[in-house]
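J.: the amino acid sequence is not available; the structure is as follows:
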């Protein structure tokens, strides 16, 4: 097997001393602060740059991985670090962000091959490729071996090209991947292997930065720096693809799912594309109506994914989530979503098409109304030196001054943050505004009036009614005109 029990015998004297001090400090913790002791698990993801990892418990059946810092290791072979597949014993405490592993003892490290899991076939590596633990640390801390299941079309940006893809590792876990390059990806060695691996269902080895997203889904980012860069390469040795079928969920089941899902649907309708420059991060979104044999649903699609879709054609979506908007459930793409075209023909069930179209049309709306209330939600600016509030200078509101230390600061008045209350269908609703939309109109009509919150709010409260373009989905004012 090549499994080695780990000890501190090979540590340098300085590292060994530091490790012993860390161990002693940890062992002095109050036992009452440790709710669970002597837990067993396996390292499933390592971030070598940020010095943390995630452990999957092996003593119970759970989908929730446990966060652990490198500093919590109290025994290791040559470095106080983790490697993927390390078998550990540890305690669990409740940290500021949930449960965290401490007092981690790495008991077994796989050197020459990998264990047979419940769901996968054995993996046998060539003996000529045997290596020591130090080399594994240097080359496989962010290495993933698996099978490419989905590859999205290449996106050509102004500075970099990129593709998204889905990978199934040997433990049947789905990992969302992104590969970036200043060159055309499909003309590089790594890009060619990526596309061939999906077609031929062959195993690949990826070297990149592993992390977990906000839904605790594993992601990997790869960078191709030259034509012959091998961040994607064929996996060495005999690797058998797990007996695993990636299931496609119906729209009905997707609305009940607590995790991102995979859909195969036909696109029936689309709404107007909306461009937003909010908080200096421009983005676009578009609402589509999609359908399968279980019914129809609105789907929000963001940015470059929009151009991937065509009406009356069928697509496979991965990493789709549901959201609740206006007391109704819709689906949205995520930062890990991939879209691929398929020739499969779907016979859609249109029993709820009218409801979907009604919601689709109600996102962007033009109304004639007045502002009921405008509230300044901008945070008070603080002096960096003495932490006191900065006070605007009368008549020169773009300049702020600290009463304590007399230092000045500059305020960008056109970046005020306000909440606007509108009367819509006899109900009051709160909206924010796309950056500069209301400020520009104010300055065009009041060239000689300083742009302060008082002048700004007075102008809009007393000069209605207004023709306002709204996005109900984002609760945003997109445009405004004087009637």
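T.: Perfect, thanks for sending it. No experiment lies behind these values; they were computed from the predicted model shown.
J.: ok, residue 65 - how many residues close by?
T.: 21 (other C-beta atoms under 10 Å). In this view, the C-beta of every residue, glycine as well, is placed from N, C-alpha and C.
J.: from residue 354, how far off is the closest residue in space to it that isn't next to it in sequence?
T.: Leaving out its chain neighbours, the residue that sits closest to residue 65 by C-beta to C-beta, 6 or more residues apart in numbering is residue 54, at 4.0 Å. Residue 54 sits 45 Å away from residue 354, going by C-beta to C-beta, to the nearest Å.
J.: so the residue nearest to residue 65 sits against residue 41, correct?
T.: No: Residue 54 is not in contact with residue 41 according to C-beta atoms under 8 Å; the separation is 9.4 Å.
J.: all strands for the stretch 101-250 of the chain, in order.
T.: Ranges of strands within the stretch 101-250 of the chain are 143-151, 155-156, 161-169, 174-181, 203-207, 209-212, 218-224, 232-234, based on DSSP state E, counting those that start in this stretch.
J.: comparing the ones you listed, which gets the lowest mean pLDDT score?
T.: Mean pLDDT is lowest for strand 155-156 among the strands of the stretch 101-250 of the chain, at a mean of 80.
J.: against which helices or strands is that one packed?
T.: strand 161-169 (3 or more C-beta pairs under 8 Å, 6 or more residues apart in numbering; DSSP states H and E).
J.: quick one: buried residues of the strand it packs on?
T.: Neighbour-count burial for strand 161-169 flags 161, 162, 163, 164, 165, 166, 167, 168, 169 (criterion: 16 or more other C-beta atoms under 10 Å).
J.: now stretch 254-269
T.: The neighbour-count check on stretch 254-269 (16+ other C-beta under 10 Å) flags 254, 255, 260, 261, 262, 263, 264, 265, 266, 267, 268, 269 as buried.
J.: list the contacts for the first one?
T.: The one in question is residue 254. By C-beta atoms under 8 Å, 6 or more residues apart in numbering, the contact set of residue 254 is 261, 263, 297, 320, 322, 331.
J.: taking the residues you listed one by one, which sit in strands?
T.: 261, 263, 297, 320, 322, 331 (DSSP state E).
J.: and the furthest pair within the residues you listed?
T.: Farthest apart among these by C-beta to C-beta are 261 and 297. That separation is 12.2 Å.
J.: of all the strands of the stretch 101-250 of the chain, which lies closest to residue 72?
T.: Closest to residue 72 of the strands of the stretch 101-250 of the chain is strand 209-212 (C-beta to C-beta; 17.3 Å).
J.: so for the closest one, what gets flagged as buried?
T.: In terms of neighbour count (16+ other C-beta under 10 Å), strand 209-212 has its buried residues at 210, 211, 212.
J.: pLDDT below threshold where in the stretch 301-450 of the chain?
T.: Judged by pLDDT under 70, the stretch 301-450 of the chain has its weakly predicted residues at 326-327, 360-362, 377-385, 387-388, 393-398, 410-416.
J.: please, where are all the helices along the protein?
T.: Taking DSSP state H, the helices of the chain run over residues 13-27, 133-139, 189-200, 251-254, 353-362, 437-445, 453-462.
J.: mean pLDDT for those: which is lowest?
T.: Of all the helices of the chain, the minimum mean pLDDT falls on helix 133-139 (a mean of 36).
J.: residue contacts, residue 179?
T.: 162-163, 165, 185, 190-191, 194, 221-224, 231-232.
J.: which of the residues you listed count as buried?
T.: When those are checked for burial by 16+ other C-beta under 10 Å, the buried set is 162-163, 165, 185, 190-191, 194, 221-224, 231-232.
J.: tell me, how many residues neighbour the closest residue to residue 68 other than its chain neighbours?
T.: In space, and not counting its chain neighbours, residue 68 is closest to residue 101: 3.9 Å by C-beta to C-beta, 6+ apart. By other C-beta under 10 Å, the residues close to residue 101 number 26.
J.: residue 101 against residue 71, yeah?
T.: No: Residue 101 is not in contact with residue 71 according to C-beta under 8 Å; the separation is 11.3 Å.
J.: now the residue nearest to residue 227 when sequence neighbours are not counted: how far from residue 230?
T.: Closest residue in space to residue 227, ignoring its immediate chain neighbours: residue 188 at 5.2 Å, by C-beta to C-beta, 6+ apart. Residue 188 sits 10 Å away from residue 230, going by C-beta to C-beta.
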